[in-house]
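Asker: Take a look and give me a structure for this.
(one chain, ligands or ions: 1)
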Amino acid sequence: MTVVERTAPTPWHRHADGTLWTRHSPAEVEWTEDGMPLTGLSAPEREALTAHHEAGHAVVGAAHGRAPLYVSLDGEDGTPDDAGGFTAWRVDTLLTKTPWVQLAWILAAGERAADRWLRDSGLWTPARAWCMEWASSDDRDMASAAARRLRHPFDITWGVGDQPHDWSVICAQTDQHLNIRWNTVTTVAQILLDQRRIDADQLMSLTG
Ligand SMILES: [Zn+2]
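Answerer: Below is the predicted model:
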């Protein structure tokens with residue numbers, strides 16, 4: 001893997017395709033045939049990682065009045081999907097009626113919950129942390145697109161400083177939202193592992 005020259009004064013790293021800034025160095029990982037990084041985790045560990053990623057989105061979303069319709073460990077079409085789970089958002093309210101910073105917390109909660117689960121499980125490595133950032137590029141793209149659509153006078157920056165639209169700041173704030181709700185995140189993740197799906201009613205009974 002090649003890494004392109006950095007073009008901004010940031011300690012973060014730019015992916016070879018130029019579209020993704022990551023806190024951790026692009027790792028020398030093997031790739032599956034469908035383009036996912038192999039992280040050396042067992043299949044149950046990968047599933048638990050996905051469950052905590054999706055639970056993070058759902059719990060932080062519910063805390064800000066944006067509970068998803070349902071969350072599934074399977075892909076959007078309902079078939080088992082090794083590439084990750086699926087959170088069915090109420091797109092009309094999530095993308096158009098959510099203040100940008102709240103939307104950013106909800107979107108960052110997937111990668112930050114996955115990162116915390118790796119640490120709590122003794123499985124965290126810089127390479128796996130990079131894989132989590134890479135696997136969350138769709139969430140980051142959604143946050144960037146929302147900033148443009150909402151006509152915010154900024155683009156997201158990546159590890160540049162302490163401005164409120166820097167992703168490092170969003171991640172630090174998201175960690176705080178997750179910290180005070182971590183028991184709920186792990187409960188939702190376990191329900192996902194047990195029954196592969198959780199609907200809005202059951203989610204709301206857990207998140208209040
Ligand atoms: Zn996600």
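Asker: Write out the residues of this structure neighbouring the ion.
Answerer: For the chain, the residues in contact with the ion (C-beta under 5 Å from the ion) are 110, 139. The C-beta positions use only the backbone N, C-alpha and C, and glycine is treated the same way.
Asker: Looking at the chain, what residue ends up closest to the ion?
Answerer: Residue of the chain nearest the ion, by C-beta to the ion: residue 110 (3.2 Å).
Asker: Contact partners for the nearest residue in space to that residue that is not next to it in sequence?
Answerer: Once flanking residues are discounted, residue 110 sits nearest to residue 53: 4.2 Å by C-beta to C-beta, 6 or more residues apart in numbering. Neighbouring residues of residue 53 by C-beta atoms under 8 Å, 6 or more residues apart in numbering: 84, 85, 110, 111, 113, 114, 132, 135, 136.
Asker: Let's see which of the residues you listed end up in helices.
Answerer: Taking DSSP state H, the ones among the contacts of residue 53 that sit in helices are 110, 111, 113, 114, 132, 135.
Asker: Widest-spaced pair of the residues you listed?
Answerer: The span of the ones in helices among the contacts of residue 53, defined through C-beta to C-beta, is set by 113 and 135 at 12.4 Å.
Asker: Neighbour count: those two, which is higher?
Answerer: Neighbours were counted for residue 113 and for residue 135 using other C-beta atoms under 10 Å; residue 113 has more, 32 against 20.
Asker: ok, back up a step: please report which of the contacts of residue 53 has the highest neighbour count.
Answerer: residue 113 (32 neighbours).
Asker: What's the separation between the closest residue in space to that residue that isn't next to it in sequence and residue 50?
Answerer: Spatial nearest neighbour of residue 113, chain neighbours left out: residue 56 (2.6 Å); criterion: C-beta to C-beta, 6+ apart. For residue 56, the distance to residue 50 equals 11 Å [C-beta to C-beta, to the nearest Å].
Asker: intersection of neighbour lists for these two?
Answerer: Counting by C-beta under 8 Å, 6+ apart, the shared contacts of residue 56 and residue 50 are residue 114.
Asker: Tell me which of those two has more neighbours.
Answerer: Using other C-beta under 10 Å as the criterion, residue 56 and residue 50 rank with residue 56 on top: 30 against 25.
Asker: List the residues that contact that one.
Answerer: If you count contacts by C-beta under 8 Å, 6+ apart, residue 56 has them with 109, 110, 111, 112, 113, 114, 178, 185.
Asker: Pick out the most distant pair among these.
Answerer: Taking C-beta to C-beta, no two of the contacts of residue 56 sit farther apart than 111 and 185, at 13.1 Å.
Asker: Run through the helices of the protein in chain order.
Answerer: So, for the chain - with DSSP H - the helices run 43-63, 91-96, 100-120, 126-135, 137-149, 167-179, 182-195, 200-207.
Asker: wait, isn't residue 87 in contact with residue 60?
Answerer: No - taking contacts as C-beta atoms under 8 Å, residue 87 lies outside contact range of residue 60: 11.0 Å.
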